[in-house]
Structure formats: C-alpha cells, structure tokens
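A.B. asks: Predicted model and sequence follow; I will ask about them next.
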Amino acid sequence: MSVAILTFFLYTQYSKANTNTASTGNLVGPILKVYYFDVGQGDSIFIKTPEGKDILIDGGPDATVMERLGETLPYWDRTIDLMVLTHPHADHIQGLDDVLKNYKVGEVIETDLKNPTPEENYFNKLAGLTEIQKAVKGEKINLESDLDLQILYPFGLQVNEEDLNDDSIVLKMIYKGRSFLFTGDATTNVESKIEDQDLKADFLKVGHHGSRYASSSAFLEKVKPAVSIISVGAGNSFGHPTRDTLDRLSAVGSRVLRTDKAGTVEVDVGSNGEWVVSCSKGCN
C-alpha cells in the first residue's frame, strides 16, 4: 500500500481562534500542549495544538475523561477535531462513548479489526456520521503546519492479532524537534515488529500501563525517552507498573512519571523547542 497523506476537515470556531502563547518560563509561543490525563487504570491523552485544535487519544475506563476535559477546555468548547481509538479494550474505549455523546467530533481514527468487538461496534454506532478512518502504517495525519501524527502500526487492514492489545495503533508526533511516541497497549510482540522504524522520542507513553509484557530493553534503547509517562490507577489489581519495567526505564536514563502519583501530566513544547513538564499532583 502506498503511503497516504490523510487530511481531515478541522472544525473552526471562535473559541479556538487564539493560539497558545507562553507567558512564563523559557518557552516561546505558540505552544503544543500534551496532557496525559489521570483517568485511573486506563489511557487518555489530550493534545491542544499550537493553532488550538483538539485531539483526543483514547478515553479511559469511564466518564472521568469528561471531568478532565472540563478542567482543560473552556466550557463553550464542545468540539474534538480528531479522536483516536488505539484499540477497543474497555479501559481505552469506554470514556470515548461519553465524549461522543457530549462533544462534536470531526474525525475518528481506529484499527481496522477483522472481528470488531461489541464495544467497538457500539462506539462506531455512537460516532454516527462522523468520518472514520482506518489506521495503516505510513499514513500521516496532517494536523497543521509543522505538526503531523505518523502511524507506525498496524501494518495493514483487517488486523487479527491473537492479543487485542497488539491491535493498538502506535503513533509518533514531532513538533519543533521534540517527539512523542504513543503506544496504546502494544506489547513486546509489536515492539519487535516496528524496531526498524525511527522510534527515537523525547516523551514516551509507556505501553500497557507499565506491565511486564511491554517496554522491552531493546525497544527502550531505540526510543531513549527523556521522560516516560505511565498511565495507571492507584492500587490496581494488575500490579502495574511492574518493577521490571521500572528498572528497564531507569536503565535507559528516563525520568518516569506515573498518573497514579503525579496526577495528570502536562508537557508543553514551545516553538523554540524548549519544553516544560507539570503535574496536577506534583512531579515527584
């Protein structure tokens, strides 16, 4: 399949007309803002682009994502320009149902599953007339000038992995020389398949909540993240993140922030490439 350039119609409204401009620190505006929401044991990442567009990757296990969006967006902003469902496990898809019911969504990107789950069928029904794109490696989603989302995985359509986690969309985003890698719940199986691609990233969303089935040493050596964010619920029954994963992250010199301890983690990147990380509960 040839490389495709996906362009989508981005809804514009007065509330999004202003760019994000730095007022403190060494950042120079306009600013890219990436929020790793604290939604308990699940994933939800919100991106506010320098031109003010809204991107949501996954929605966590329940309506907590609505609270987080309410804390981040002005009350009159009820549009999500792009929504990405990495894979249809409940801890990623459930909250998106609430978002679809309460926000106008411009476009959805999801994996083309050979056997869609009931949860995904319901999600697509809620999406209604919203345009749905199927993710394939090599596609580039142009968000705006100098800002793209690159799809690294899956490799094709009609995906049918034995483990639904390995149907996860893996994305890379670059702004002013700073790169972000979003891995969903992809395990070491997917990591080994994409290791020949450019995985280097300043900020890594750690796969599968820091479980022992993801974040292999070989993969982390390719990524070399300055900061790794683990989306995880306090006292979860899975034992996430595992000691092995934390040790592997430490071995590559990455700073680790966990949403169960730090709360929502926000990464701001200025047009000069400088970046700042802040946490709702403190970045300790």
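C.D. replies: Sure, I can see it. Numbering: from 1, shown residues only.
A.B. asks: Let's test this: mean pLDDT of stretch 76-89, rounded?
C.D. replies: Over the span of stretch 76-89, the pLDDT mean works out to 96.
A.B. asks: in it, what's buried?
C.D. replies: Along stretch 76-89, these residues count as buried under the neighbour rule (16 or more other C-beta atoms under 10 Å): 77, 79-89. The way it works is simple: take the backbone N, C-alpha and C, and place the C-beta from them, glycine included.
A.B. asks: okay, that stretch in PDB with CA atoms only?
C.D. replies: Taking only C-alpha atoms (Å, rounded to 0.1, in the frame of the first residue of the first chain), the coordinates of stretch 76-89 have been written out as PDB:
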ATOM      1  CA  TRP A  76     -18.000  26.700  25.400                       C
ATOM      2  CA  ASP A  77     -15.500  24.500  23.500                       C
ATOM      3  CA  ARG A  78     -17.500  21.400  22.700                       C
ATOM      4  CA  THR A  79     -15.600  20.200  19.600                       C
ATOM      5  CA  ILE A  80     -12.900  17.500  19.400                       C
ATOM      6  CA  ASP A  81     -11.300  17.800  16.000                       C
ATOM      7  CA  LEU A  82      -9.700  14.300  15.900                       C
ATOM      8  CA  MET A  83     -10.400  11.300  18.100                       C
ATOM      9  CA  VAL A  84      -8.100   8.200  18.000                       C
ATOM     10  CA  LEU A  85      -9.100   4.900  19.500                       C
ATOM     11  CA  THR A  86      -5.900   2.800  19.800                       C
ATOM     12  CA  HIS A  87      -7.800  -0.400  20.400                       C
ATOM     13  CA  PRO A  88     -11.300  -1.300  21.900                       C
ATOM     14  CA  HIS A  89     -10.500  -2.500  25.400                       C
END
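A.B. asks: Make a markdown table from the buried residues of stretch 76-89 and add secondary structure to it.
C.D. replies: Conversion of the buried residues of stretch 76-89 to a markdown table gives the following (DSSP: H, G, I helix; E, B strand; the rest coil):
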| residue | secondary structure |
| --- | --- |
| 77 | coil |
| 79 | strand |
| 80 | strand |
| 81 | strand |
| 82 | strand |
| 83 | strand |
| 84 | strand |
| 85 | strand |
| 86 | coil |
| 87 | coil |
| 88 | coil |
| 89 | coil |
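A.B. asks: which among those residues gets closest to residue 169?
C.D. replies: Distance from residue 169 was checked for each of the buried residues of stretch 76-89 by C-beta to C-beta. The minimum falls on residue 86, at 4.6 Å.
A.B. asks: Excluding chain neighbours, what is closest to that closest one?
C.D. replies: With C-beta to C-beta, 6 or more residues apart in numbering as the measure, residue 184 is the residue that lies nearest to residue 86, at 3.2 Å, once sequence neighbours are left out.
A.B. asks: I figured the one you found hits residue 43, correct?
C.D. replies: Yes. Counting by C-beta atoms under 8 Å, residue 184 does reach residue 43; the two are 7.0 Å apart.
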